[in-house]
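K.L.:
Sharing a model prediction with you, sequence too.
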Amino acid sequence: MDPAAKIYVAGHRGMVGSAVVRALRSAGHGSPLTRTSAELDLRDGEATKAFLVSERPDVVVMTAARVGGIKANSDRPYDFLHDNLVMAANVIEGARLSGVRKLLFLGSSCIYPKYAPQPLREDALLTGPLEKTNEGYALAKIAGIKLCEHTRSQHGCDFVSAMPCNLYGPGDNFSLENSHVLPAMIRKMHEAKLRGDRHVRLWGTGAPLREFLHVDDLAEACLLLIDRYSGPGPINVGSGEELSIRELAGVVAQAVGFTGRVEFDPSMPDGTPRKLMDVSRIRALGWRHRIPLDRGVSEAYAWYLAYAAEARR
């Protein structure tokens, strides 16, 4: 990528966006173009298009999204579908109108059918029903993928989409109401340790299998995809390694220093039974994750301790 390229990172204050900004600066790209949500509400189509047409960035990285765990998605499916759908449509259309050279749209592994064959291949998209607990979010991300695909075929735009597995790292959301499983575990175990609790109770059975990727590894993959990938449809980004939620709890307990008993509540939802990505396509481009899970979780916990007030939002 040309060091002089003008790069707009949508959602730069989120966990993924801030990691992309760090990676760009480390790669010599200076200060990317950014706007806070207060400065530019990406749900406002006219404002978003006017901004992109005025600024005319060379590259757009679309990391902005309404995100949350099972509870948040289950409680507010309309919000997750509406906000993510509208933001994707506005940014992609604005990028098309302004002549953006390359756009990278980020989705999630939840786009794949609940019972798709494992590991999840990119061609499994739209071959079966989605997991109901995050259907709204998944539908919005699928629409973004298809907008990129059809903008490419109809208008010749080099717009691509990447689907990361479960992400974690600095800048994560540790709210017990809205966060994903790993940061929620970190907070629960930390607070249980402070109280001297003998046990901590977690949602579900502990049996589902999940794959996790440090957000800084994803950011490096994003830069590689901007440079080396051009094609229709999504490309998976993940570690290619999986573990059960019960095993993850052990990793988190070790990092936090929680020595009590971990219990699971089977009356609460598990979500999709297994989600492991087939990452053969991105590995063929020369990328592989670098940060092992135990080290990454320890780093995420250290960030939580340093920024606890912000992290508990």
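P.N.:
Yep, that arrived. Residues are numbered from 1 along each chain as shown.

K.L.:
Tell me where the protein has strands.
P.N.:
7-10, 59-62, 102-106, 159-164, 166-168, 199-203, 209-210, 212-214, 234-237, 243-244, 261-265 (DSSP state E).

K.L.:
Which among these is found nearest to Arg22?
P.N.:
Nearest of the strands of the chain to Arg22, taken as Cβ to Cβ: strand 7-10 at 10.4 Å. Where you see a C-beta, it was placed from the backbone N, CA and C, and this is true even at glycine.

K.L.:
which residues are contacting the closest one?
P.N.:
By Cβ atoms under 8 Å, 6 or more residues apart in numbering, the residues outside strand 7-10 that reach it are 17, 20-21, 24, 29, 32-35, 42, 52, 55, 57-64, 87, 91.

K.L.:
residues touching Ile142, list them.
P.N.:
So Ile142 contacts Gly107, Ile111, Leu125, Leu126 (Cβ under 8 Å, 6+ apart).

K.L.:
Mind pulling the model confidence for Met71?
P.N.:
Check again: residue 71 is Lys, not Met. Lys71 carries a pLDDT score of 79 in this model.

K.L.:
just the one 3 residues further on next, same as before
P.N.:
For Ser74, the model assigns a pLDDT of 84.

K.L.:
With Glu310 instead?
P.N.:
On the pLDDT scale, Glu310 is placed at 60.

K.L.:
cool, Leu120 as well?
P.N.:
96.

K.L.:
Around the residue nearest to it when sequence neighbours are not counted, how many other residues sit close by?
P.N.:
Nearest non-adjacent residue to Leu120, counting by Cβ to Cβ, 6 or more residues apart in numbering: Tyr112, 4.8 Å away. Burial measure for Tyr112: 28 neighbouring residues, criterion other Cβ atoms under 10 Å.

K.L.:
I'd like to know the phi and psi angles of Tyr112, please.
P.N.:
When quoted as degrees, to the nearest 10, the phi and psi of Tyr112 stand at phi -90, psi 150.

K.L.:
Equivalent analysis for the one 4 residues further on, please.
P.N.:
Torsion angles at Ala116 (phi, psi; degrees, to the nearest 10) stand at phi -70, psi 150.

K.L.:
residues touching the spatially closest residue to it that is not a sequence neighbour, list them.
P.N.:
Nearest residue to Ala116, sequence neighbours excluded (Cβ to Cβ, 6+ apart): Ala124, at 4.1 Å. Ala124 sits next to Tyr112, Pro113, Ala116, Pro117 when contact means Cβ under 8 Å, 6+ apart.

K.L.:
Hmm, Asp123 and the residue nearest to Leu120 touching each other?
P.N.:
No. If you go by Cβ atoms under 8 Å, Tyr112 and Asp123 don't touch, sitting 10.1 Å apart.

K.L.:
Give me the below-cutoff pLDDT ranges for this protein.
P.N.:
309-313 (pLDDT under 70).

K.L.:
if we can go back for a sec, got a list of what the residue nearest to Leu120 touches?
P.N.:
Taking Cβ under 8 Å, 6+ apart, one finds Leu120, Ala124, Leu125, Lys275 in contact with Tyr112.

K.L.:
Now render those residues as CSV, adding distance to Gly257.
P.N.:
Shown next, in CSV, are the contacts of Tyr112 (distance: Cβ to Cβ, whole Å):
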residue, distance to Gly257
Leu120, 34
Ala124, 39
Leu125, 41
Lys275, 28
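
K.L.:
from these, which is closest to Leu223?
P.N.:
The closest of those to Leu223 turns out to be Leu120 (Cβ to Cβ; 23.4 Å).

K.L.:
Run a quick neighbour tally on the closest one.
P.N.:
Neighbours of Leu120 (other Cβ under 10 Å): 25.
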